[in-house]
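A.B. asks: What shape does this take:
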Amino acid sequence: MSFVPINPRPMLAGLVDLEIIVRLKWGQTEYKGRLVSIDSYMNIQLSETEEWIDQEKTSSLGQVLIRCNNVLWIQAANQESGNGDTKMEG
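C.D. replies: Residues are numbered from 1 along each chain as shown. Purely as a prediction, here's the structure:
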């Protein structure tokens, strides 16, 4: 069995204009908002953004830009709770 890497860009492109959750690498910080755009480096622009720390809403931020190297994971906000994984097909 060999490992075949899958390009995440098609999955992310499919989330544009949808509500998403972005988890940062440190702590329990998450941002929930509408994905406006994503660039070739996978920097993320969100609108109507809310900051959540330890499952509690701490603030409404509006427009934010999240640098790619700060992101642990991204998922659609309406994704059913399961194992937390998003199926990526390429």
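A.B. asks: Tell me which stretches of this structure form helices.
C.D. replies: In the chain, the helices defined using DSSP state H lie at 9-13.
A.B. asks: mind checking how far Leu24 is from Pro5?
C.D. replies: 23 Å (Cβ to Cβ, to the nearest Å). Placement of C-beta: from N, CA and C, glycine included.
A.B. asks: cool, Leu15 as well?
C.D. replies: Distance from Leu15 to Pro5, by Cβ to Cβ: 20 Å.
A.B. asks: Settle it for me: which of those two has more neighbours?
C.D. replies: For Leu15 versus Pro5, neighbours defined as other Cβ atoms under 10 Å are more numerous around Leu15 (18 against 6).
A.B. asks: Go ahead and confirm that one touches Ala77.
C.D. replies: No - the pair Leu15 / Ala77 is not scored as a contact, 9.5 Å apart, by Cβ atoms under 8 Å.
A.B. asks: just how off-centre is the helix or strand bottoming out on mean pLDDT in the chain within its chain?
C.D. replies: Lowest on mean pLDDT, DSSP states H and E among the helices and strands of the chain sits helix 9-13, with a mean of 87. Remark: helix 9-13 is offset 11 Å from the chain centroid, using Cα atoms, centre = their mean, to the nearest Å.
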